[in-house]
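> Have a look at this prediction, sequence included:
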Amino acid sequence: TDPRQLTPTIMGDMANAACMADGFDNIQKLPDPVPGCPNFRRVPGFKVYCCGQPTIAGFEAALTKVCGDKYPKDGPIIWFNLRQEPDVYVNGEPICARPPGKIGEYAELGNVTRDSAKADEEEFIKVIEGRAKENAGKLKFVDINKAEKEIEVKEVVTLSNVIEGLKAKFPGLVHMRIPVCNSAAPLETDFDILVKTLIGTNINTPVIINDQVGLSRATTGCVAACLFKEFQISASFEGLVETVPGVNLDLLKMDRYKMDPNKDALFRGEFEVIKELVAELKDEGAKNECDKVIDKNGPAKTGGTGIKQLRENIAESKLSYEIMDDAAQVFLKSKIMDNIHKYFYIIVFAGYIRDAVDAAREAVDAEKKSGVALPTSGKCAIPASELKLTKTFAQYMEENASFRDLIEAGKGNLQWERDMPPAALANLEGLAAKDFKGNLGNIIHDIYQTAHVMFGDMPQGDHKKRAKYRFASKTIMRILPAAMKKEIEGLIEAKKMTMDLYEILGKCTWVEIK
């Protein structure tokens, strides 16, 4: 079964696909832009970089910046593209294929694979060439705001061919597609593709990861890549560090990261299902290490250089949930559950990586062991490029299949609505039962007095006003006299009114002139 809450939209055949420009005004969210490569940045402490979809010139600019004046341009560079959408370059600018109904929004495109994305790309370039030929050499496309545009086509090239062209200057470039959805976790096999691609690289091998803008998907990939880099550091160097006299090894542990204890529990990622996972892993270090890496991949406020904070974004969405109307809540609830699913899987992946550290030291071939064993301790200091993993992440998950059941059952285990104090509810129900219309003034006063206490933790502003107003609308519906409630529910169902406090009060107090 598909673990995602948000229903995927299938890409469909390329003949009916819409052409959407990847770039748009204000795509750049960060300072110090690299021309043609939106939101390019380096994760602090790691040779891992994140960005949106570059132009052809942007690819070269990003690679040149990564190499700088120290790393050889012919050295290995790993570039992961995490997009599900096929991309074709028209006059050097990226244009992607989208389902016509998914313009300017996150398109969860279902079970897209590397091979299917590449096949779609080959078909998409034929469609673009055909459309331009039928339109006097011009291509019609849309931007993310659905505004229609037209461009004279001078050059069309697939993403695959763009990469091949870059290898003339950067012959060590490896480009790997891992199409992932936006909100939920990558598939278990996606984690394995990333690991398989990185096995055999050095600690200083640059890793670049992109999606369209450099937001959720790319950030998720960067977190996974950083966790792999930590595996390389731990497995390669711990044995060597132990030979240095006077070094406190505990200070070098990757899992000693502590978050600000004053943060709200949800901002610390302490969801019930995550607490259950940590107990199952019997290893708090997996969450600590994961949180450290997430914070470094987040914005400046958590010590990073990025845009998306994968953990705190869940808590922020949960706060927004309280002020949304019912239709928006349905979507946001699904997104929150998908994001908890992603956070859960990243922690599990961190647990897998931590287990792999010790196993990697023991996995050295017997004939090679004498060459990497340290005489004082017998432990191995293995070059990162020679590290091996004894099992895949998918195999690890098979051994821990209960984790899958745990996240499925627990990702929705949040308090979605605030509990009204029982005494306050009893008071309102008593006033309504005694004389609803006669006590209406007191009822409204007491509802807002209760809301003032319940939402006291929210900062003053529009969010708080909307949350209190929405609470008042729901509460008045809850205590309406039965006949009146039935009538208003019928009108709401027939879409003749909405569950809005003023509309409900208007209907309740309306007197028809006879």
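In hand now; what should we look at? Numbers count the residues shown, from 1 in each chain.
> So for stretch 478-492, what gets flagged as buried?
Buried residues in stretch 478-492, counted by 16 or more other CB atoms under 10 Å: 479, 480, 484, 485, 488, 492. (Glycine included, C-beta is placed from N, CA and C.)
> should've said stretch 297-313
Buried, per 16+ other CB under 10 Å, within stretch 297-313: 297-299, 302, 304-313.
> Including secondary structure and pLDDT, could those residues go into JSON lines?
Shown next, in JSON lines, are the buried residues of stretch 297-313 (DSSP: H, G, I helix; E, B strand; the rest coil; pLDDT from 0 to 100):
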{"residue": "297", "secondary structure": "helix", "pLDDT": "97"}
{"residue": "298", "secondary structure": "coil", "pLDDT": "96"}
{"residue": "299", "secondary structure": "coil", "pLDDT": "96"}
{"residue": "302", "secondary structure": "helix", "pLDDT": "92"}
{"residue": "304", "secondary structure": "coil", "pLDDT": "95"}
{"residue": "305", "secondary structure": "coil", "pLDDT": "96"}
{"residue": "306", "secondary structure": "coil", "pLDDT": "96"}
{"residue": "307", "secondary structure": "coil", "pLDDT": "96"}
{"residue": "308", "secondary structure": "coil", "pLDDT": "93"}
{"residue": "309", "secondary structure": "coil", "pLDDT": "94"}
{"residue": "310", "secondary structure": "coil", "pLDDT": "95"}
{"residue": "311", "secondary structure": "coil", "pLDDT": "95"}
{"residue": "312", "secondary structure": "helix", "pLDDT": "94"}
{"residue": "313", "secondary structure": "helix", "pLDDT": "94"}
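> check contacts around residue 185.
Neighbouring residues of residue 185 by CB atoms under 8 Å, 6 or more residues apart in numbering: 3, 220, 341, 342, 344, 345, 346.
> Would you mind giving the secondary structure of it?
coil (DSSP: H, G, I helix; E, B strand; the rest coil).
> Repeat that for residue 88.
Classification of residue 88 using three-state DSSP returns strand.
> And the pLDDT for it?
Looking at residue 88, its pLDDT is 97.
> One more: the one 4 residues further on?
According to the per-residue confidence, residue 92 scores 97 in pLDDT.
> unless I'm mixing things up, it is touching residue 56, no?
Yes. Here residue 92 reaches residue 56: they are 4.4 Å apart, a contact under CB atoms under 8 Å.
> Looking at the two, which is more packed in?
Legend: neighbour count by other CB atoms under 10 Å for residue 92 and residue 56, higher for residue 56 (19 against 15).
> From what I see, that one and residue 89 are in contact.
Yes. The criterion here is CB under 8 Å, and residue 56 meets it with residue 89 at 5.8 Å.
> which residues do those two both contact?
157, 162.
> circling back to that earlier point, kindly indicate which of the buried residues of stretch 478-492 lies nearest residue 234.
residue 492 (57.7 Å; CB to CB).
> Give me the nearest residue to residue 89, chain neighbours excluded.
residue 157 (4.9 Å; CB to CB, 6 or more residues apart in numbering).
> State the distance from that neighbour to residue 166.
12 Å (CB to CB, to the nearest Å).
> Residue 122 now?
Distance from residue 122 to residue 166, by CB to CB: 19 Å.
> Same check on residue 129?
22 Å.
> cool, and residue 490?
Between residue 490 and residue 166 the computed distance is 63 Å (CB to CB).
> Buried ones in the helix or strand containing residue 62, by neighbour count?
Assigned by DSSP states H and E, residue 62 belongs to helix 56-67. For helix 56-67, the neighbour count (16+ other CB under 10 Å) marks 56, 58, 59, 60, 61, 62, 63, 66, 67 as buried.
> now stretch 146-157
151, 153, 156, 157.
> Mind picking the one among those that's closest to residue 497?
Distances from residue 497 to the buried residues of stretch 146-157, taken by CB to CB, are shortest for residue 151, at 47.0 Å.
> Which phi and psi values does that closest one adopt?
phi -140, psi 140 (degrees, to the nearest 10).
> now swap in the one 5 residues further on and tell me
Taking degrees, to the nearest 10, you get phi -130, psi 130 for the backbone angles of residue 156.
> likewise residue 54?
The phi/psi pair for residue 54 (degrees, to the nearest 10) is phi -80, psi 160.
> Tell me the one of the buried residues of stretch 297-313 nearest residue 507?
residue 313 (38.9 Å).
> isn't the closest one right up against residue 336?
No. Applying CB under 8 Å, one finds residue 313 not in contact with residue 336, separated by 9.4 Å.
> Quick one: residues contacting the residue nearest to residue 463 when sequence neighbours are not counted.
The shortest distance from residue 463 to any non-neighbouring residue, by CB to CB, 6+ apart, is to residue 323 (5.4 Å). Listed by CB under 8 Å, 6+ apart, the contact set of residue 323 reads 463, 466, 467, 470.
> Stretch 263-278: how far from the chain's middle?
17 Å (CA atoms, centre = their mean, to the nearest Å).
> Stretch 477-487 now?
Per CA atoms, centre = their mean, the centroid offset for stretch 477-487 relative to its chain is 42 Å.
> list the contacts for the nearest residue to residue 266 once chain neighbours are set aside?
Leaving aside its sequence neighbours, residue 266 sits nearest to residue 315 (CB to CB, 6+ apart; 3.8 Å). If you count contacts by CB under 8 Å, 6+ apart, residue 315 has them with 264, 266, 267.
> circling back to that earlier point, helix/strand/coil for the residue nearest to residue 89?
On the basis of three-state DSSP, residue 157 is classed as strand.
> Can you pull out the low-pLDDT segments for the stretch 201-350 of the chain?
237-256 (pLDDT under 70).
> Sketch out the strands for it, chain order is fine.
207-210 (DSSP state E, counting those that start in this stretch).
> what's near enough to touch the residue nearest to the spatial centre of the chain?
In the chain, the residue lying closest to the centroid (CA atoms, centre = their mean) is residue 216, at 3.6 Å. Contacts for residue 216 were tallied using CB under 8 Å, 6+ apart; they are 182, 183, 308, 310.
> do residue 196 as well
By CB under 8 Å, 6+ apart, residue 196 has no neighbours at all.
> same question, the one 3 residues further on
Each residue near residue 199 by CB under 8 Å, 6+ apart is listed here: 387, 388, 389.
> repeat that for 7 Å
Residues in contact with residue 199 (CB atoms under 7 Å, 6 or more residues apart in numbering) are residue 389.
> Please enumerate the helices of the stretch 51-200 of the chain.
Shown for the stretch 51-200 of the chain, the helices assigned by DSSP state H, counting those that start in this stretch span residues 56-67, 114-134, 159-166, 188-198.
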